[in-house]
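Student: Mind folding the following:
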Amino acid sequence: MKTFLKIVIVLLILGLIAGALLYKTPQRRAFDQTLALAQQGDAQAQLSLARMYAQGKGTKADGKQALEWFSKAAQQENATAAYELAQLYLDGKAVRRDAGKGLSFLKQAAYGGYAPAQSQLGLLYQIKTEKKEPQLAQAFFWWMQAAHQGDTEAQKALEQAQQTQLQLYQQVQEIDEVFQRAAAEDVQAMAEAGEILMRGDFLEKNLKAASSYILKAAQRGSPKAQYALSLLYGLENGPLPQDNSASFDYLKLAADGEYAPAQYDMGSRIYRVSRNFAEEKEAFSWFEKAGEQNNADALYMMGLMYLEGRGVPRNRTLSQKMFRKAANLGHPEAQYVIAQNYWFGANGVGKNRKRALQWMRLASQNGHQQAAVFLKEVGQ
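Tutor: Model prediction:
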């Protein structure tokens with residue numbers, strides 16, 4: 001009897017131990033469920049799992065695992081994950097500090113619409129400005145994006161900006177209006193926003209962010225966006241996989257849509273590989289269409305083709321007319337050609353040194369290096 005009781009007691013103890021080993025806390029069960037979803041590719045679950053590893057909830061704290069799952073979520077364009085990943089790299093506590101990576105992920109989160117990232121990015125650009133790196137326009141832009149979402153710190157920063165930098169504030173405000181209209185699915189604004197990000201002359205150049213606006217606008221029939229998309233597809237290491245066939249198709253769509261830069265580009269592509277008069281004539285026809293819209297590059301090429309008799313009968317009068325139109329639109333090469341014609345009395349133009357120097361100065365002011373050298377050589 002005693003032996004039987006001992007066996008029962010041992011079995012009970014073993015059962016309790018086994019039960020304790022098999023029992024999972026609510027946090028552990030939540031962790032296991034989240035892990036299963038994350039492994040299936042759910043971006044939100046990957047973000048949650050990364051936080052669990054970072055905070056040690058339902059599992060042992062593991063910075064390496066947190067970094068891995070934040071990264072996986074960020075790769076799926078999860079803006080919050082990109083923001084938290086940025087903080088890891090900028091803080092340098094859980095992982096080795098890397099300001100470059102931190103800034104890159106912060107920008108991803110900001111472009112993804114995450115207000116805390118936008119506000120923080122504005123602050124970083126302000127700091128750069130204080131360090132004599134002029135980035136104040138960038139700061140204003142990102143504070144505006146955050147302020148639209150009710151970020152109070154960004155709103156306070158913008159109030160100060162209006163008081164101290166009103167002119168710049170108003171310029172950025174115009175850019176912001178474009179992006180707000182783009183967010184409201186305005187096709188023209190989407191194309192313009194993409195172009196702004198491609199140029200990088202006011203906001204920082206960002207081809208990846210540009211491509212998201214341009215793709216939408218191009219698919220909705222914007223010739224400007226179709227042309228921009230043709231350029232992006234033509235890049236070897238661009239934000240989209242290089243596709244020369246798609247690049248040409250979108251160029252043709254934009255040119256047929258009467259977008260002058262695309263018409264000029266179409267003419268240029270044909271001209272560069274032309275082998276006979278008929279192909280040169282086709283190139284000229286595209287230049288002519290762009291020239292009718294006062295595209296200076298196209299007018300210059302028409303002047304050159306009339307001068308050389310390529311694709312059209314040689315005509316010095318029309319050549320000078322096209323060069324003059326392009327020059328009046330600020331085309332430096334056309335200005336230089338006119339200056340040379342006046343200086344040497346060439347191509348049916350009477351010699352006139354005074355006018356030659358006037359056009360040479362204009363060309364030099366517009367960045368024409370040969371014009372600048374010429375002026376130096378003649379003591380001007």
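Student: how about A260, what does it touch?
Tutor: K289, A290, Q293, N294, N295, A298 (CB atoms under 8 Å, 6 or more residues apart in numbering). Glycine gets a C-beta too; all of them are placed from N, C-alpha and C.
Student: 10 Å instead?
Tutor: Going by CB atoms under 10 Å, 6 or more residues apart in numbering, A260 touches 223, 227, 254, 289-298.
Student: Top of these by number of neighbours, please.
Tutor: Greatest neighbour count in the contacts of A260, by other CB atoms under 10 Å, goes to A298: 29 neighbours.
Student: Now do the same for stretch 82-90: mean pLDDT, whole number.
Tutor: Averaging pLDDT along stretch 82-90 gives 93.
Student: Same question for stretch 246-253.
Tutor: 97.
Student: what's it in contact with?
Tutor: By CB under 10 Å, 6+ apart, stretch 246-253 touches 214, 218, 221-223, 225-235, 240, 243, 259, 261-263, 265-266, 269.
Student: Can you select the buried ones among the residues you listed for me in PyMOL?
Tutor: Written as a PyMOL command, the selection of buried residues from the contacts of stretch 246-253, which uses 16 or more other CB atoms under 10 Å, is:
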select buried, resi 214+218+222+223+225+226+227+228+229+230+231+232+233+234+240+259+261+262+263+265+266
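Student: Which of the contacts of stretch 246-253 fall within helices?
Tutor: 214, 218, 223, 225-233, 261-263, 265-266, 269 (DSSP state H).
Student: Distance check, D176 against N366.
Tutor: Between D176 and N366 the computed distance is 31 Å (CB to CB, to the nearest Å).
Student: So those two - more neighbours on which side?
Tutor: In terms of neighbours (other CB under 10 Å), D176 is the more surrounded of D176 and N366; the figures are 19 against 16.
Student: Now name the helix or strand holding Q188.
Tutor: In this structure, Q188 sits in helix 187-199 according to DSSP states H and E.
Student: helices or strands up against that helix?
Tutor: helix 166-183, helix 207-219, helix 223-233 (3 or more CB pairs under 10 Å, 6 or more residues apart in numbering; DSSP states H and E).
Student: could you redo those helices as TSV and give each row mean pLDDT and distance to A327?
Tutor: Below are the helices and strands packed on helix 187-199 laid out as TSV (pLDDT from 0 to 100; distance: least, CB to CB, whole Å):
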stretch	mean pLDDT	distance to A327
helix 166-183	95	30
helix 207-219	96	32
helix 223-233	98	25
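Student: nearest to E282, of those helices?
Tutor: helix 223-233 (18.3 Å; CB to CB).
Student: Give the other helices and strands that the closest one contacts.
Tutor: helix 187-199, helix 207-219, helix 244-256, helix 260-273.
Student: okay, the angle between the third one and helix 223-233?
Tutor: Think helix 244-256. 160 degrees (axes from the mean of the first three to the mean of the last three CA atoms, to 10 degrees).
Student: Also compute the angle for helix 244-256 relative to helix 207-219, please.
Tutor: Going by the same axes, to 10 degrees, helix 244-256 makes 60 degrees with helix 207-219.
Student: same deal with the longest one?
Tutor: Between helix 260-273 and helix 207-219, the angle comes out at 100 degrees (the same axes, to 10 degrees).
Student: Convert the C-alpha atoms of helix 260-273 to CSV, please.
Tutor: This file holds the C-alpha atoms of helix 260-273, laid out as CSV (Å, rounded to 0.1, in the frame of the first residue of the first chain):
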residue,chain,number,x,y,z
ALA,A,260,7.9,68.4,-76.2
PRO,A,261,10.9,67.0,-74.2
ALA,A,262,9.8,63.5,-75.3
GLN,A,263,9.5,64.6,-78.9
TYR,A,264,13.0,66.1,-78.8
ASP,A,265,14.3,62.9,-77.2
MET,A,266,12.6,60.8,-79.8
GLY,A,267,14.2,62.9,-82.5
SER,A,268,17.6,62.7,-80.9
ARG,A,269,17.5,58.9,-80.6
ILE,A,270,16.6,58.5,-84.3
TYR,A,271,19.2,61.2,-85.3
ARG,A,272,22.0,59.5,-83.5
VAL,A,273,21.6,56.2,-85.3
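Student: What helices and strands are in contact with the following helix or strand past it?
Tutor: The helix or strand immediately downstream of helix 260-273 is helix 277-291, counting by DSSP H and E. Counting contacts by 3+ CB pairs under 10 Å, 6+ apart, helix 277-291 is packed against helix 244-256, helix 260-273, helix 296-308, helix 316-328.
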